[in-house]
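A.B. asks: Need a 3D model of the sequence below.
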Amino acid sequence: MTSGTPSVLHLDTEAGWRGGQRQVLLLAAGLRAAGHRVAVASPADAPLRGRLGEEGIATLPWAPRGEWDLRAAAALGREVREGRWDVVHAHTSHAHALALLALRRLERPPPLVVTRRVDFAVGRGVVGRWKYGSGVARFVAVSRAVARVLERGGVPADRVDVVTSGVPDLSPPGTDRGALRESLGLSPRQPLMLWVGHLVDHKDPLTLVRAVPLLARAVPGVRVAVAGDGELRERARALARTVGAGASLLWLGLREDVPDLMRAADALAISSHMEGLSTTALDGALAGLPVVATAAGGLAEAVAHGVTGLLVPPRDPEALAAAAAALLSDREGAARLGAAGRARVLAEFSAAAMVEGNRATYARAVRE
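C.D. replies: Predicted structure coming up:
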């Protein structure tokens, strides 16, 4: 190990591309730039693997069938031993469990670091006590809210480091704002609110849908664009028809041009009832958008109420609609919030700061 630059093997079992996978990519690239030897073990067909390859970052084929896949754990153990890795960093729940299984068989295992990105409660049963016990050298919580969840679950506070997720500054726009709005059927001044995410329970798209007809009554002509897909897609669309929100909703599906969509929008909405931090909120602020979000989990840390956006109670469509209407009806005020949000993200939530925070965690883990 080079002094101050331990080699790090990252583990990610996610088959799709979500915010956590982007953090792994940014972290691996930042560590390599800082002189660390880095590799990422992930499923061969995962989008993360392809993007790592484009960056020239070493990848290892790893396809566990679940968190109790003993064959995958054994293969991981061999890689850790033969690769002489100084630190193992797990980024998903399944990777967390598999790393514990793999390292317990080694005579001198390297320290295990686990990143926790969600604010779901930690299980207090046998499995939970094992996963969150002494086998993990240090936990990285992406927000203070997540750190509190870990501590309530029995993890000592001195083994938890808060390292907030980081986002890179926006790439140059790929599409002209006016042209993109026109492609969505919008006039230049027509109000547009954007929602980005997976259509799953904790993101709570159903509360968003219930808020839309209320918003439409307060802001005539408003459109709400939903960029994403997931298991609640059909239920959300059926609810939209039931509550009379269909005419105001634009279902965009999965999009590769989310940064351009953010530039074309007037505000960003986040309706989650559980959230670790939300890099979507950070991306929106970086694009200069005022954010209306629920005060769930780490969202209260990502959005400064009255400074960069507005916070409302979770699962309250009336409050969400009222806050969104306030932003969309006051363009000058919204612009001030958006500018403050961009400045705050650049100062406090950069990808470089996230990398340095993790490097500090590795130093503690190796030292201890």
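A.B. asks: From now on I want contacts and neighbour counts done on CA atoms only, so please keep to that.
C.D. replies: OK.
A.B. asks: Show the low-confidence segments of this protein, by residue range.
C.D. replies: Applying pLDDT under 70 to the predicted model, the residue ranges of the chain that meet it are 1-3, 171-173.
A.B. asks: Residue ranges of each domain in it, please.
C.D. replies: Per automatic domain parsing, the structural domains of the chain span 8-166+350-367, 177-348.
A.B. asks: And for the protein, the residue most distant from the center?
C.D. replies: Here the centre of the chain is the reference, and by Cα atoms, centre = their mean the most remote residue is E107, at 35.1 Å.
A.B. asks: Deepest-packed of the domains of the chain, please.
C.D. replies: A comparison of the domains of the chain by mean neighbour count, using mean count of other Cα atoms under 10 Å, puts domain 177-348 on top with a mean of 20.
A.B. asks: in the stretch 1-150 of the chain, which spans are helices?
C.D. replies: All helices of the stretch 1-150 of the chain, identified by DSSP state H, counting those that start in this stretch, fall at 19-33, 47-54, 70-83, 93-103, 126-131, 144-152.
A.B. asks: list the helices and strands the fourth one packs on?
C.D. replies: The reference is to helix 93-103. helix 70-83, strand 87-90, strand 112-116, helix 126-131 (3 or more Cα pairs under 8 Å, 6 or more residues apart in numbering; DSSP states H and E).
A.B. asks: Serialize these to CSV and add fields for distance to E332.
C.D. replies: As requested, the helices and strands packed on helix 93-103 are exported to CSV (distance: least, Cα to Cα, whole Å):
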stretch, distance to E332
helix 70-83, 54
strand 87-90, 44
strand 112-116, 38
helix 126-131, 49
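A.B. asks: Tell me which of those sits nearest to A353.
C.D. replies: Comparison of the helices and strands packed on helix 93-103 against A353 by Cα to Cα identifies strand 112-116 as nearest, at 15.6 Å.
A.B. asks: Please find the angle between the direction vectors of the closest one and helix 19-33.
C.D. replies: Interaxial angle of strand 112-116 relative to helix 19-33 (axes from the mean of the first three to the mean of the last three Cα atoms, to 10 degrees): 140 degrees.
A.B. asks: So which elements touch strand 112-116?
C.D. replies: Packing contacts for strand 112-116, counted by 3+ Cα pairs under 8 Å, 6+ apart, involve strand 87-90, helix 93-103, strand 138-141, helix 351-367.
A.B. asks: Pipe those into TSV and attach distance to D45 per row.
C.D. replies: Compiled in TSV, these are given as follows (distance: least, Cα to Cα, whole Å):
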stretch	distance to D45
strand 87-90	19
helix 93-103	17
strand 138-141	27
helix 351-367	26
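A.B. asks: what's the closest of the ones you listed to L199?
C.D. replies: Across the helices and strands packed on strand 112-116, the minimum distance to L199, taken as Cα to Cα, is reached by helix 93-103, at 20.2 Å.
A.B. asks: sorry, back to before: just so I know, which of the helices and strands packed on strand 112-116 lies nearest R235?
C.D. replies: helix 93-103 (27.3 Å).
A.B. asks: which residues sit against that closest one?
C.D. replies: With contact meaning Cα atoms under 8 Å, 6 or more residues apart in numbering, helix 93-103 is reached by 11-13, 66-70, 72-77, 88, 90, 109-110, 112, 114, 131, 135-136.
A.B. asks: Could I get the full set of strands for the stretch 201-350 of the chain?
C.D. replies: Listed from the start of the chain, the stretch 201-350 of the chain has strands (DSSP state E, counting those that start in this stretch) covering 223-227, 249-253, 267-270, 291-294, 309-312.
A.B. asks: Ok, which of the ones you listed comes nearest P6?
C.D. replies: The stretch from these with the least distance to P6 (Cα to Cα) is strand 267-270; that distance is 37.5 Å.
A.B. asks: CA atoms only: put that closest one into PDB for me.
C.D. replies: Included here for strand 267-270 are C-alpha records, laid out as PDB according to Å, rounded to 0.1, in the frame of the first residue of the first chain:
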ATOM      1  CA  ALA A 267     -39.000  23.800 -11.100                       C
ATOM      2  CA  LEU A 268     -38.200  20.300  -9.900                       C
ATOM      3  CA  ALA A 269     -40.500  18.200  -7.700                       C
ATOM      4  CA  ILE A 270     -39.500  15.400  -5.400                       C
END
